[in-house]
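> Any chance you could fold what I've pasted below:
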Amino acid sequence: MMNRRLIFIALIVLASFLVFQKEEEFQKEFSFISIPVKKFFLGIENSLKSYINTYFNQIDTIKKLENENILLRKYLYHQEMIIEKLENYSKSKVEKYNSSSNVLRIQTISYKKLNDFSVVYLTGGENLKDDKIYGLIQKNVAAGIAIKNGDNLEGILLSNEKCQFSTFVGKDRMPGIAKGIDEKTMEVNFIPKWSNISVGDKVVTSGLDNIFLANIPVGVVSQVFTRSTYKTAIIKTYADVLHPNYFYLVKKVPVQIYDANSTQEIIMEGEDNKSKDKVKRRH
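Below is the predicted model:
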């Protein structure tokens, strides 16, 4: 009886080892089957919710969405109004930034891996480019980046070290590159060594990498370190990446143009995040 128990335990241990050894390959293969199924049932769930909202709590839902989007709409409205001033700097007609088609509301399907809460599969990747990085906004704050991988759109949240984008730190808007650490923390590297930044400074997206719109809140500085050639700021992030239900995906970012004789920023529509044009007016 004892020998049978030992053999049984040994078989369980061996099976567990093989399962964990193949876990990542299994999850990758399983995703090809599970994601379409999850999308199908997610569509049914959304349809049912929409039906219920239409007849029972439509007003409450509308108010909730309006409150959730108010700051995001404020940023978009500000940038759209600035576009009007481009005619003072250029003879050519400039296409206005269309926020309704360039900022998409998307939904989380599932986590990519069972033991990793920093990468998710997202809806809405059908008409997106494979070679572009997209910004993800949760309510009115930066939440991560999105990359299309084959047929799947993957959301890499702020808690992942692969999540990186350009930022401005403090009232003097010192440039830096944010990089994920954990669910509530990022580090901003390559801040100029001579810059005057301190604990409590606000961190926002710069918009200069064509990933995010400019001035989307990211977090607040909690620590500052001076390295050999630059400063690093540890920041406490605003986004709730542990509850990744809905996001706004920035499909296209306005290219930013600066007036050399003022600090006023002018923007126009950009094509992708591989390149951007900067124009300075000289008198």
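> Any idea how many residues pack against the nearest residue to Asn215 once chain neighbours are set aside?
Distances taken as Cβ to Cβ, 6 or more residues apart in numbering place Val204 nearest to Asn215, at 4.9 Å, with adjacent residues excluded. Every C-beta, even on glycine, is put in place using the N, C-alpha and C of the backbone. Val204: 19 surrounding residues under other Cβ atoms under 10 Å.
> What strand or helix carries Val204?
Element membership for Val204, per DSSP states H and E: strand 202-205.
> quick one: average confidence on that strand?
Taken as a whole, strand 202-205 has a mean pLDDT of 97.
> got it, and stretch 105-119?
The average pLDDT within stretch 105-119 is 93.
> Stretch 161-176 now?
97.
> again, but for stretch 234-243
Across stretch 234-243, pLDDT averages out at 96.
> in it, what counts as buried?
234-235, 237-239, 241 (16 or more other Cβ atoms under 10 Å).
> And the strands in the stretch 51-200 of the chain?
Using DSSP state E, counting those that start in this stretch, the strands assigned to the stretch 51-200 of the chain run over residues 103-113, 116-122, 133-138, 141-149, 152-157, 164-169, 174-182, 185-192.
> Below-threshold pLDDT in the stretch 1-150 of the chain: ranges please.
1-97 (pLDDT under 70).
> repeat that for 90
Along the stretch 1-150 of the chain, the parts satisfying pLDDT under 90 run over 1-102, 114-115, 125-127, 130-131, 139-140, 149-150.
> if we can go back for a sec, pairing partners for the residue nearest to Asn215 in the sheet, please.
Beta-bridge pairing for Val204 (DSSP bridges): Phe168, Pro217.
> before we move on, what about Phe247?
Bridge pairing for Phe247 - DSSP bridges - gives Ile106.
> which residues touch it?
Contact partners of Phe247, counting by Cβ atoms under 8 Å, 6 or more residues apart in numbering, are 105-108, 122, 136-138, 143-144, 146, 155.
> check which helix or strand covers Lys236.
Lys236 belongs to strand 230-237 when assigned by DSSP H and E.
> Now do the domain split for the chain, please.
2-53, 54-160+242-281, 164-237 (automatic domain parsing).
> returning to what we had before: including mean neighbour count, could the strands of the stretch 51-200 of the chain go into a markdown table?
Listed next are the strands of the stretch 51-200 of the chain as a markdown table, based on neighbours: other Cβ atoms under 10 Å:
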| stretch | mean neighbour count |
| --- | --- |
| strand 103-113 | 18 |
| strand 116-122 | 20 |
| strand 133-138 | 25 |
| strand 141-149 | 23 |
| strand 152-157 | 21 |
| strand 164-169 | 23 |
| strand 174-182 | 19 |
| strand 185-192 | 20 |
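> Next, format these as CSV and append distance to Gln223.
Formatted as CSV, the strands of the stretch 51-200 of the chain follow (distance: least, Cβ to Cβ, whole Å):
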stretch, distance to Gln223
strand 103-113, 30
strand 116-122, 22
strand 133-138, 24
strand 141-149, 19
strand 152-157, 21
strand 164-169, 12
strand 174-182, 12
strand 185-192, 9
